[in-house]
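Participant: I would like the atomic coordinates for the input below:
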Amino acid sequence: MLTDDNQRPGDKNYYQDLGRFWDKSIGTNIDKLKSFTKFVPFTEFPKFICKYEIFKKILHIHGGIVECGVHQGAGLMTWALLSSIFEPVNHIRKIIGFDTFEGFADITEQDKVTNNAQAKVGGLAVNSFEDIKEAIRIYDMFRPLGHIGKVELVKGDASITIEKYIAENPHLVVSLLYLDFDVYAPTRRAIELLIPRMPKGAIIAFDELYIKQWPGETQALIDTIGISNLQIERFPFFPQISYAVLR
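Facilitator: Residues are numbered from 1 along each chain as shown. The predicted structure follows:
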């Protein structure tokens, strides 16, 4: 997640105008959603395309998708929608999201930088748990095999809850691990516990690798797998998201 340091002076006006345009634009909210390209911020399109391209690479890889850091649920529901579109009868693949829904549970020395006011306990808190549960309920109404649960939310400090989830789901296999915790401790724990459950061809993806404002993710990778042990790739149209195929 980037900070205001990366914004141009006019970006604030762009987002304000876009919000006002949504409010005054013609049609019902459903009409607007059907015409979503009129309203979605420009930066969200390449982010969505990145996730689409990543999903295509694990389409034939067995296992669930684990998103570490759910925030308001956009990424989680992207994986869910892509799964329903491209593999509608794959009722085995689960989309599992881990988040405190109360901001960061811990900030370590590996996370501290001088210019990031959000790098603190409780930083980036969004109480979206019930909101996302409602999104999942509505999503299940229309998708194929909607009576079989697809999306799971796990609330709490992932440094603890991932291990508990594995104990309760010893069958877990992971085809995609998407790391978006931003900070060191839960990122490291996710790598340590979930990489052993990922087959060859599975993907580990990073939202904050090589991001100055969030050094903890890079350090967590260095202290576990090691950066030199992965071929880390990126997409030319969006610099932030990177990924590696496990070989």
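
Participant: and the residue of the chain most remote from its centre, how far from Met77?
Facilitator: For the chain, the C-alpha farthest from the mean C-alpha position belongs to Ile26; by CA atoms, centre = their mean, that distance is 31.8 Å. Ile26 sits 26 Å away from Met77, taking CB to CB, to the nearest Å as the criterion. (Glycine included, C-beta is placed from N, CA and C.)

Participant: ok, back up a step: so who does the residue farthest from the centre of the chain touch?
Facilitator: By CB atoms under 8 Å, 6 or more residues apart in numbering, Ile26 lies in contact with nothing.

Participant: A helix includes it, no?
Facilitator: No: counting by DSSP: H, G, I helix; E, B strand; the rest coil, Ile26 is located in no helix; its state is coil.

Participant: what pLDDT does it get?
Facilitator: If you check Ile26, the pLDDT there is 98.

Participant: could you do the one 4 residues further on as well?
Facilitator: Looking at Ile30, its pLDDT is 97.

Participant: which helix or strand contains it?
Facilitator: Using DSSP states H and E, Ile30 maps to helix 29-34.

Participant: what's in contact with that helix?
Facilitator: In contact with helix 29-34 (CB under 8 Å, 6+ apart) are residues Trp22, Ser25, Lys38, Phe39.

Participant: buried set for the strand ranked longest in the chain?
Facilitator: Counting by DSSP state E, the longest strand found in the chain is strand 238-245. Using 16 or more other CB atoms under 10 Å as the test for burial, strand 238-245 gives Phe238, Gln240, Ile241, Ser242, Tyr243, Ala244, Val245.

Participant: what is the helix or strand hosting Trp79 packed up against?
Facilitator: Element membership for Trp79 (DSSP H and E) is helix 74-86. In this structure, helix 74-86 makes packing contacts with helix 44-58, strand 64-68, strand 95-99, helix 129-142, strand 151-155, strand 174-179, judged by 3 or more CB pairs under 8 Å, 6 or more residues apart in numbering; DSSP states H and E.

Participant: try 6 Å this time
Facilitator: Counting contacts by 3 or more CB pairs under 6 Å, 6 or more residues apart in numbering; DSSP states H and E, helix 74-86 packs against strand 64-68, strand 95-99.

Participant: which one is Lys56 nearest to, not counting chain neighbours?
Facilitator: Distances taken as CB to CB, 6 or more residues apart in numbering put Phe86 closest to Lys56, at 7.7 Å, once the chain neighbours are dropped.

Participant: distance of the one you found from Glu53?
Facilitator: With CB to CB as the criterion, Phe86 and Glu53 are 12 Å apart.

Participant: again with Lys38
Facilitator: Taken as CB to CB, the span from Lys38 to Glu53 is 24 Å.

Participant: related to what we said a few turns ago, and the helix holding Ile30, which residues are buried?
Facilitator: Lys32.
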